[in-house]
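*Asks:* need a structure here:
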Amino acid sequence: MTSKLEQLRAMTTVVADTGDLDAIRQWQPRDATTNPSLLLKAVTSPAYQHLVNEAVQWSERQGGTTAEKLAHATDYLAVLAGEQILGLIPGMVSTEVDARLSFDAEATKDKARKLSELYRQRGVDTNRVMIKIAATWEGIQAARELEAEGIACNLTLLFSFTQAQACAEAGVTLISPFVGRILDWHLASTGKDSIPAEEDPGVNSVRHIYEYYKTHGYDTVIMGASFRNQGEIEMLAGCDRLTISPALLEALDNDQNGLQRRLSPDNAPQSQPYPPLDEKRFRWHLNQDAMATEKLADGIRRFAADQETLESHLSGSLQAA
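*Replies:* The predicted structure follows:
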């Protein structure tokens, strides 16, 4: 019997939820994704120090104010890290827009275009790059325009069907529903220590999105993310993509038991389409979902805090340059 990881790869595209080059070499995923939290861990590693130095030197050559140089350095570092990752995988890498721009559609578009152009200048095939954007109303509308320009988008911090519906209607390339963080909220709100994988609210959320997308012919790829345990992954076997941490990849690789496919386009139940979302309906439905509202806000704050810490690290390097 092959491992559960190999069985999973036969039915789902496995993505590495890490920016660690050694982990990517070890697990050989098709795609990889990064965010400020993962980049922050990376820049404290000696393996990335040469990239930090290169980003700082490049930003100095661009000139401008200290704040502008810092923005240049963080953007260039993200692109350099993404380029390194692309050298190890056959598929795509996602690079994230500053979470502090989550409610500014114009600034989000500008940042996405800048990141894409930096990849192009580095000689990277931009068809292998996705730009990660928080799934706010502003982020989704920015992604709508970016997709029309040929810039593929990965909508992250997605906790509700409302966000997923708006993303599909905007024609985004991929969504990243956060399974584990949904579970976290429900455990905290109910006082329970655990919830069986079969009843896991994060798993059920992704299942609902998957079945709706497949029934109504949306092309947007669903990539389950933020897993807390192996059971959540197993219950979503067959999902388009799953982004998995190295620790859980190792657990799946060490498990030689059989793995049942849980999601398939052929088994998606029929349902009526929901009315299209405008901004008012989107905000109202999101407001009515306490979990999604709280976790989206919390996720943006966390990514913004990590971005600021990352900038603090780079600021020291800029001052020393």
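*Asks:* run through the residues that contact the nearest residue to residue 286 once chain neighbours are set aside.
*Replies:* Excluding the flanking residues, the one nearest residue 286 by CB to CB, 6 or more residues apart in numbering is residue 162, at 5.2 Å. For glycine as for every other residue, the C-beta is placed from the backbone atoms N, C-alpha and C. Residues in contact with residue 162 (CB atoms under 8 Å, 6 or more residues apart in numbering) are 277, 282, 285-286, 289, 292.
*Asks:* residue 158 now?
*Replies:* For residue 158, the contacting residues are 135, 164, 167, 175-178, by CB under 8 Å, 6+ apart.
*Asks:* okay, now the unreliable bits of the chain?
*Replies:* For the chain, the stretches with pLDDT under 70 are 38, 42, 320-321.
*Asks:* what about the helices in it?
*Replies:* Applying DSSP state H to the chain gives helices spanning 4-9, 21-27, 36-43, 49-62, 66-86, 105-121, 137-148, 161-170, 179-190, 201-216, 230-235, 246-254, 279-288, 290-320.
*Asks:* residue 203 versus the residue nearest to residue 16 when sequence neighbours are not counted, what's the distance?
*Replies:* Distances taken as CB to CB, 6+ apart put residue 29 closest to residue 16, at 4.0 Å, once the chain neighbours are dropped. The spacing between residue 29 and residue 203, counted by CB to CB, to the nearest Å, is 21 Å.
*Asks:* in CSV: the contacts of residue 158, plus neighbour count and distance to residue 194.
*Replies:* Compiled in CSV, the contacts of residue 158 are given as follows (neighbours: other CB atoms under 10 Å; distance: CB to CB, whole Å):
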residue, neighbour count, distance to residue 194
135, 31, 27
164, 26, 26
167, 31, 30
175, 29, 27
176, 27, 24
177, 31, 20
178, 24, 18
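*Asks:* which two of those residues have the greatest separation?
*Replies:* Farthest-apart pair in the contacts of residue 158 is 167 and 178; separation 13.5 Å (CB to CB).
*Asks:* residues near residue 67, how many?
*Replies:* 10 (other CB atoms under 10 Å).
*Asks:* what's the burial count for the closest residue to residue 132 other than its chain neighbours?
*Replies:* Spatial nearest neighbour of residue 132, excluding adjacent residues (CB to CB, 6+ apart): residue 96 at 3.9 Å. Using other CB under 10 Å, residue 96 has 26 other residues around it.
*Asks:* OK, contacts around residue 96?
*Replies:* Taking CB under 8 Å, 6+ apart, one finds 34-36, 78, 131-133, 156, 303 in contact with residue 96.
*Asks:* okay if I get those residues as CSV plus neighbour count and distance to residue 220?
*Replies:* Formatted as CSV, the contacts of residue 96 follow (neighbours: other CB under 10 Å; distance: CB to CB, whole Å):
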residue, neighbour count, distance to residue 220
34, 22, 21
35, 24, 20
36, 24, 24
78, 26, 24
131, 28, 15
132, 26, 14
133, 30, 13
156, 26, 13
303, 23, 22
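*Asks:* distance to residue 116 for the residues you listed - can I get that in CSV?
*Replies:* Shown next, in CSV, are the contacts of residue 96 (distance: CB to CB, whole Å):
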residue, distance to residue 116
34, 15
35, 17
36, 18
78, 12
131, 7
132, 12
133, 12
156, 17
303, 20
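*Asks:* what's the closest of these to residue 225?
*Replies:* residue 156 (7.6 Å).
*Asks:* and the gap between that closest one and residue 30?
*Replies:* 18 Å.
*Asks:* distance of residue 59 relative to residue 75?
*Replies:* For residue 59 relative to residue 75 (CB to CB), the value is 9 Å.
*Asks:* between the two, which one's more packed in?
*Replies:* residue 59 (24 against 20).
*Asks:* how about the more buried one, what does it touch?
*Replies:* 69-70, 72-73, 76, 318.
*Asks:* neighbour-wise, which one of those leads?
*Replies:* Among those, residue 73 has the most neighbours (other CB under 10 Å), with 27 neighbours.
*Asks:* can you name the residues that contact that one?
*Replies:* Residues near residue 73 by CB under 8 Å, 6+ apart: 55-56, 58-59, 314, 317-318.
*Asks:* just residue 229 next, same as before
*Replies:* So residue 229 contacts 197, 248 (CB under 8 Å, 6+ apart).
*Asks:* please apply the same query to residue 297.
*Replies:* Counting by CB under 8 Å, 6+ apart, residue 297 makes contact with nothing.
*Asks:* repeat for residue 89
*Replies:* Counted by CB under 8 Å, 6+ apart, residue 89 has contacts 16, 24, 28-32.
*Asks:* which among the residues you listed count as buried?
*Replies:* 16, 24, 29, 31-32 (16 or more other CB atoms under 10 Å).
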